[in-house]
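Visitor: Got a predicted structure plus its sequence, pasted below:
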Amino acid sequence: MRKTEAAVQRCKTMSALQRVLGGKWKLEILYYIAFCDIRRFGALRRQLGEITESSLTKQLRELEADGFLIRHDFHEVPPRVEYSLSDLGKSFMDVISYMKAWGEKNLPEEK
């Protein structure tokens, strides 16, 4: 494989990663589910604050479709649904931890 072919392959990998995790809220959703034990839709929405119900629904469905989350429907009235990390999602938590530590060290706090 020539050097330029390898560069194209890396670009495809980064493009796929950006497609899967590029949603505005996806990294935060994964973080709260993994590290803050926030698993219910309403709790996630309150934690994220500015997100609309439709945006949260869309982001959760995409994360589930891409294999990062597992949706647990308890088939109760009123409806109760919880989200947890899949094995793929769990395998990504080291990356999120590193990104959070890097951000704390190198990025100014938002006001």
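Guide: Received, thanks.
Visitor: for stretch 39-46, the distance to its chain's centre please.
Guide: Relative to the centre of its chain, stretch 39-46 is centred 14 Å away, using C-alpha atoms, centre = their mean, to the nearest Å.
Visitor: wait, I meant stretch 82-94
Guide: 9 Å.
Visitor: Please enumerate the strands of the protein.
Guide: Under the criterion DSSP state E, strands of the chain are mapped to 69-73, 81-85.
Visitor: okay if I get the ones you listed as JSON lines plus distance to Lys24 and mean neighbour count?
Guide: Where you see a C-beta, it was placed from the backbone N, CA and C, and this is true even at glycine. Formatted as JSON lines, the strands of the chain follow (distance: least, C-beta to C-beta, whole Å; neighbours: other C-beta atoms under 10 Å):
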{"stretch": "strand 69-73", "distance to Lys24": "16", "mean neighbour count": "14"}
{"stretch": "strand 81-85", "distance to Lys24": "18", "mean neighbour count": "17"}
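Visitor: Between those, which one is closest to Leu56.
Guide: strand 81-85 (10.6 Å; C-beta to C-beta).
Visitor: Thank you kindly, that will do.
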